[in-house]
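Trainee: The following comprises the amino acid sequence and a computationally predicted model.
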Amino acid sequence: MAKLAGILALVTVIAAGATYYIPLNIFSVQQKPEQAPQKVYDYYIIMDEDTGETLMYVPLVVSVGDELISEKNKRYRVVKVEGNQAYARFVEDLNLEQYKNAGRQ
């Protein structure tokens, strides 16, 4: 009986020591590091990333993922912002004629 009590005491000491040395946050979820805030400019120039053609000047903050429709009815999505210049990638041609009659019904 005394031998069993000694073994239990030893196991308890080992478990307590292991708990002390094993970090408790080993399974915690790591947060993504926060990105530095983007500097805000008075206006942004949005350009086609392939041709370099200026699509638009806007007095709004532009972010990656924003979309625009050019005066030629082409849809673009912003893929990169450097300073006050944003680069947009062509997505599709739009046919706006189909929407003109839909609003009159």
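Mentor: Cool, got the structure.

Trainee: Show me the shaky parts of this structure.
Mentor: 1-6, 8-30, 35, 102-105 (pLDDT under 70).

Trainee: Run through the strands of it in chain order.
Mentor: Assigned strands in the chain, in chain order: 44-48, 54-58, 67-69, 74-82, 85-93 (criterion: DSSP state E).

Trainee: tilt between the last one and strand 74-82?
Mentor: This means strand 85-93. Inter-element angle recorded for strand 85-93 and strand 74-82: 160 degrees (by axes from the mean of the first three to the mean of the last three Cα atoms, to 10 degrees).

Trainee: Partner strands of strand 85-93, with direction?
Mentor: Each strand paired with strand 85-93, and its direction, by DSSP bridges: strand 44-48 (parallel), strand 74-82 (antiparallel).

Trainee: As CSV, the ones you listed with distance to Gln98 and mean neighbour count would be great.
Mentor: Where C-beta positions appear, they are placed from N, C-alpha and C, glycine not excepted. As requested, these are exported to CSV (distance: least, Cβ to Cβ, whole Å; neighbours: other Cβ atoms under 10 Å):
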stretch, distance to Gln98, mean neighbour count
strand 44-48, 25, 19
strand 74-82, 14, 15
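
Trainee: now these as JSON lines including distance to Val58?
Mentor: Converted to JSON lines, those look like this (distance: least, Cβ to Cβ, whole Å):
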{"stretch": "strand 44-48", "distance to Val58": "5"}
{"stretch": "strand 74-82", "distance to Val58": "11"}
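
Trainee: can you pull out the helices in the protein?
Mentor: 2-21, 97-100 (DSSP state H).
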